[in-house]
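Asks: structure for the following, please:
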Amino acid sequence: MANDFVKLWADQRELAELHSKIPTMYRHEISRITAQVCIAIGRGNILVPKESRFLLLSTWLDPLYEDFGWMRRAYKSVDKKLVEDGLSRTILTLSLRQQQIILLNWFDRYLNKGDDCPNIQRAFEVWWRRAFIRQYTDVEDGSQLQITVCSYPN
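Replies: Presented below is the predicted three-dimensional model:
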């Protein structure tokens, strides 16, 4: 049943497009639904196919970003860290390419909005290590990556 709800919620692209036209004080409940779904997916309480998870984030992440700062300030019942952790964990369940799309979009928004955007830096760091560092440490001969420090004359 939860799987069906996530799929239904992810398919609400028209509602997501209208989201920015609704006054912020009313639309926060919509963003709270998205946040709760991401928390449940991130914890493993709801198991849904990767396509549904990516569609959910593609549809609802921008509206959640728009409301996050307001929700954090206006509603003490919104646990910022819990939402950020749920988002991070949900993002990290996707393919590296899908993670890249979402996290680079987040990084741009985070640089511009800062505190009004959820801090999913942990997901960004994990993705970065998986995407870039692993390719240098997974050498076929089994050798370890070595870092050499040298001093340059002034």
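
Asks: so which residues make contact with stretch 98-111?
Replies: 50, 54, 57-58, 61, 65, 91-92, 94, 117-121, 123-124, 127, 130-131 (CB atoms under 8 Å, 6 or more residues apart in numbering). The way it works is simple: take the backbone N, C-alpha and C, and place the C-beta from them, glycine included.

Asks: got any ranges where this protein has weak pLDDT?
Replies: Scanning the chain for pLDDT under 70 picks out 74-77, 134-154.

Asks: how far away is the residue most central in space within it from residue 43?
Replies: Centroid check for the chain by CA atoms, centre = their mean gives residue 87 as the closest residue, at 4.2 Å. To residue 43, residue 87 is 12 Å away according to CB to CB, to the nearest Å.

Asks: could you do residue 127 as well?
Replies: Applying CB to CB to residue 127 and residue 43 gives a distance of 19 Å.

Asks: those two: which is more packed in?
Replies: Between residue 127 and residue 43, counted using other CB atoms under 10 Å, residue 127 has the larger neighbour count: 22 against 13.

Asks: flag every buried residue along the helix or strand hosting residue 60.
Replies: Applying DSSP states H and E as the criterion places residue 60 in helix 50-74. Of the residues in helix 50-74, those buried under the neighbour-count criterion (16 or more other CB atoms under 10 Å) are 52-72.

Asks: residue contacts, residue 61?
Replies: So residue 61 contacts 34, 87, 102, 105, 106 (CB under 8 Å, 6+ apart).

Asks: export the one helix or strand the fourth one maps to as PDB, just CAs?
Replies: Assigned by DSSP H and E, residue 105 belongs to helix 96-113. This file holds the C-alpha atoms of helix 96-113, laid out as PDB (Å, rounded to 0.1, in the frame of the first residue of the first chain):
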ATOM      1  CA  LEU A  96      25.300   7.300  -9.300                       C
ATOM      2  CA  ARG A  97      24.000   9.200 -12.300                       C
ATOM      3  CA  GLN A  98      20.700  10.000 -10.700                       C
ATOM      4  CA  GLN A  99      22.500  11.000  -7.500                       C
ATOM      5  CA  GLN A 100      24.700  13.300  -9.600                       C
ATOM      6  CA  ILE A 101      21.700  15.000 -11.200                       C
ATOM      7  CA  ILE A 102      20.000  15.600  -7.800                       C
ATOM      8  CA  LEU A 103      23.100  16.600  -5.900                       C
ATOM      9  CA  LEU A 104      24.500  19.000  -8.400                       C
ATOM     10  CA  ASN A 105      21.200  20.800  -8.500                       C
ATOM     11  CA  TRP A 106      21.100  20.800  -4.700                       C
ATOM     12  CA  PHE A 107      24.700  22.100  -4.600                       C
ATOM     13  CA  ASP A 108      23.900  25.100  -6.800                       C
ATOM     14  CA  ARG A 109      20.800  25.900  -4.700                       C
ATOM     15  CA  TYR A 110      22.600  25.500  -1.400                       C
ATOM     16  CA  LEU A 111      25.300  27.900  -2.600                       C
ATOM     17  CA  ASN A 112      22.700  30.500  -3.300                       C
ATOM     18  CA  LYS A 113      20.200  29.900  -0.500                       C
END
